[in-house]
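*Asks:* what follows is a predicted structure for the sequence shown.
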Amino acid sequence: MSSISPLAVKPLNVLGLPGLLHGCDYNPDQWQHSPEIIEEDFRLFPEAGIGVLSLNIFGWARLEPEDGRYDFGWLDDIFERTERGGRKIFLSTPSAAAPNWLTHRDPEVLRVREDGVRLLPGGRMNFCPTSALYREKVAATNHALAARYGRHPSLALWHVSNEYHGTCYCEDCEAAFRLWLQRKYGSLDALNAAWWSAFWSRTYTAWEQIRAPRARGEGTSVHGICLDWRRFTSDNWRDFIAAEIAAIRSGGSSVPTAINLHPGGLHLDAWRITAPTDVISWDAYPAYHDKKEPWATAWNPVVYQSFIQELCRALRPGQPWLLMETTPSSANWMDVPKLKRPGIHRLTVLQSIAHGADSALYFQWRAGRGGEEKFHGAVIENSGGPGSRVFADVQSATDALTRLAPVAGSLGSAEIAIGFDWDNWWMQSEIVAQGGRGRSHYPWEQLDLYREHWENAVPCDVVDPSSPLTDLGRYRILCLPQHYLLRPGFVDKLTAWVEAGGVLLTGVLSGWVDDNDLVFPGGMDAGWRRLVGLRREELDHLYPEESNRFVCQSGNALGLTGEFKAIAKLEINHLEAAEVLATYGDDFYAGHPALTVNKVGLGFVYYQAARSEQGLRTALLAALWRRHGVRPLLPLGSLPLGVTLQRRVAADGQEFWFFLNFRRDAQTVGLHDRTGHDLLTGNPCSGELTLAPYGAIVFVPR
Ligand code: GAL
Ligand code: ZN
């Protein structure tokens, strides 16, 4: 019989390794002239608790000092040392930063800006994703790396490039766009029809006439081309990524791959660009402790972090994801690179773990002595190292991650989801800007809804509802605010789910246009109109200082009472099958339905015809949870403002409740008869929990 107690066995994480991973970007390519530094790094990794090294991210010039001549010596050395210490490597393909010998000799690999000017050599993420030469050079390098290290026992993941983002407007990219359009539409007639190009005489009579939309040319007058250009850009990156991975596979490596999503680069459709990869990862640089209590402000960066991390989950349902980068201290590129206050770093890490991450890695291990990031926070800063405050903060994260090993591999389990997708985001925020330029409220409406769940201990996913990866059957309630554009087949999928008992909450600016941004005849998709039981007539816009009123009908099905402000965008609709819960109180459309419910099969469709202040969301969601059997983890009102509770559930049903206190002062939370223990301390928990300032408890219910 084995002498290992089952409790000592660590569950496997998303990469099939035991426990949670703790690591960092490691750039020994910058330190080859100082072997003593590399010695010191490997001496200090165990002291800091670093188990994973992301290597070679910007190592191309060191790896391939001249065309076709590879120098593997320095990487061999790091692989050996890593293996000796029992650590793991995330090996990067170095495509994110091209070496000067390449960009100087072959400037056509460089990106062309929106204004038509080609970049000069310099910086990073500056290449054209269509360039055949760049793809060829990247493939050769990736193949060589895979052939040499692809089966190394220390290799745990391919970190493919770094934070893909941006758009290239070169002629090759435009030609690739035309091919993409030819494949999509087949004929110019179909394209002209889809783009409604008779408008302003924009009809295309030859494929060559199609250029990338940009300020100097086709600005935003033809919405279809703007949407297709964005879709193409994401698909073009997807192809580039697929080609990078194909070269890794042809080099003989079957180790999983990931791309680290760029927090500011979310203009690319993450569903499209992550499709060729095995594992989701993203880089988080929150600054939520900077000013006063953030939940007091309309823009809540703490909740935004959580929201994006739910999105990481949604990209690969049923799988944890990796936090690939965060800073243990400040980020030099921020307007005010404020230090993370004591406790914040550990809390940031725990927030990611709470939302489904199986790792926490940093940018970076050691700050360089030169270059743009020399003053960026790092585990070892130029003036830091063991004994420093930051180093101790990293050690506190090590301690937490070690104790949380049982969480590895566990997933979320929500009964509610909020819909978010890039087509809708682009259309409403960048292209159509319906609702007044700069006031699209997408995805603010999503964030405002998410926040109610975050504050009330109601697990909530963020999903792309029309993605084939999204199984609506898992959810009781789906919130689809401003779901303006409907993809083909989506209404059928949604209707089937509602008829089987699903509860849909949607509203203003939903169901208006098809996949090509053509308005449905009659103003709304026919299937959508049946679902909501309403007919749309007009959309009114109000100035910020103006408002209308939602006046709740007495005895309405949700038990809502009183009045709430209706603001910004207000649809004027007519009842068909739906039943009124509230009407507008003012103006020429007073008495028109403002909040309705339509019974469809076993399910219900709620429609909020205008944007509201948070008060209506609070009341409406609480009523929906109550009426449709969604139970918050703790009774409503249990969590103080600024404290959240997020849950992960292991395959065997074991639950982990992450209480996170984002406030500067201690907070207490009642457990309401539940008992268990805190995985972070081992202490038993019952009655009231006390959370330290910026503190956390990972409660394991009995
Ligand atoms: C990330 C990037 C890293 C580093 C970091 C600094 O976006 O991937 O290489 O530049 O920012 O915050
Ligand atoms: Zn290009």
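*Replies:* Received the coordinates, thanks. Ligands and ions are numbered 1, 2, ... in the order given.
*Asks:* please see if the stretch of helix or strand Trp237 belongs to touches ligand 2.
*Replies:* Assigning secondary structure by DSSP states H and E places Trp237 in helix 223-250. No - applying C-beta under 5 Å from the ion, one finds helix 223-250 separated from ligand 2 by no less than 8.5 Å. The way it works is simple: take the backbone N, C-alpha and C, and place the C-beta from them, glycine included.
*Asks:* quick one: mean pLDDT for that helix?
*Replies:* Mean pLDDT, helix 223-250: 97.
*Asks:* name the residues of it that are buried.
*Replies:* Of the residues in helix 223-250, 223-241, 243-245, 247-249 count as buried by neighbour count, 16 or more other C-beta atoms under 10 Å.
*Asks:* which secondary structure elements does that helix contact?
*Replies:* Counting contacts by 3 or more C-beta pairs under 8 Å, 6 or more residues apart in numbering; DSSP states H and E, helix 223-250 packs against helix 132-149, helix 171-185, helix 188-195, strand 257-261, helix 270-273, helix 422-425.
*Asks:* which residues does the residue lying closest to Thr257 once chain neighbours are set aside contact?
*Replies:* Spatial nearest neighbour of Thr257, excluding adjacent residues (C-beta to C-beta, 6 or more residues apart in numbering): Trp158 at 4.3 Å. Trp158 sits next to Phe90, Leu91, Ser92, Thr93, Ile245, Ile248, Ser253, Val255, Pro256, Thr257, Ala258 when contact means C-beta atoms under 8 Å, 6 or more residues apart in numbering.
*Asks:* thought the fifth one was touching Ile259?
*Replies:* No - the pair Ile245 and Ile259 fails to qualify as a contact (C-beta atoms under 8 Å) at a distance of 9.4 Å.
*Asks:* mutual contacts of those two, please.
*Replies:* Any residue near both Ile245 and Ile259 by C-beta under 8 Å, 6+ apart counts here, and that gives Val160, Thr277.
*Asks:* give me the contact list for stretch 31-40.
*Replies:* Pro28, Asp41, Arg62, Trp74, Asp77, Ile78, Arg81, Arg366.
*Asks:* pull out the buried residues from stretch 470-486.
*Replies:* Neighbour counts over stretch 470-486 (16+ other C-beta under 10 Å) mark 470, 472, 475-486 as buried.
*Asks:* ok now it, how far from the chain's centre?
*Replies:* Computed by C-alpha atoms, centre = their mean, to the nearest Å, the chain-centroid distance of stretch 470-486 equals 17 Å.
*Asks:* what's the answer for stretch 71-83, then?
*Replies:* Taking C-alpha atoms, centre = their mean, one finds stretch 71-83 lying 33 Å from the centre of the chain it belongs to.
*Asks:* outside of it itself, list whatever touches it.
*Replies:* Contacts of stretch 71-83 (C-beta under 8 Å, 6+ apart): 26, 28-29, 32, 38, 42, 53, 55-56, 59, 62-65, 88-89, 148-149, 152-154.
*Asks:* over to stretch 323-334?
*Replies:* 25, 54, 90, 159, 258, 260, 281-287, 337-340, 345, 348-349, 352-353, 357, 359-363, 372-373, 375-379, 381, 390, 393-394, 397.
*Asks:* again, 7 Å this time
*Replies:* Contacting residues not belonging to stretch 323-334 are listed as 25, 260, 281-285, 287, 337-340, 345, 348, 352, 357, 359-363, 373, 375-377, 379, 390, 393-394 [C-beta atoms under 7 Å, 6 or more residues apart in numbering].
*Asks:* perfect, I'm done here.
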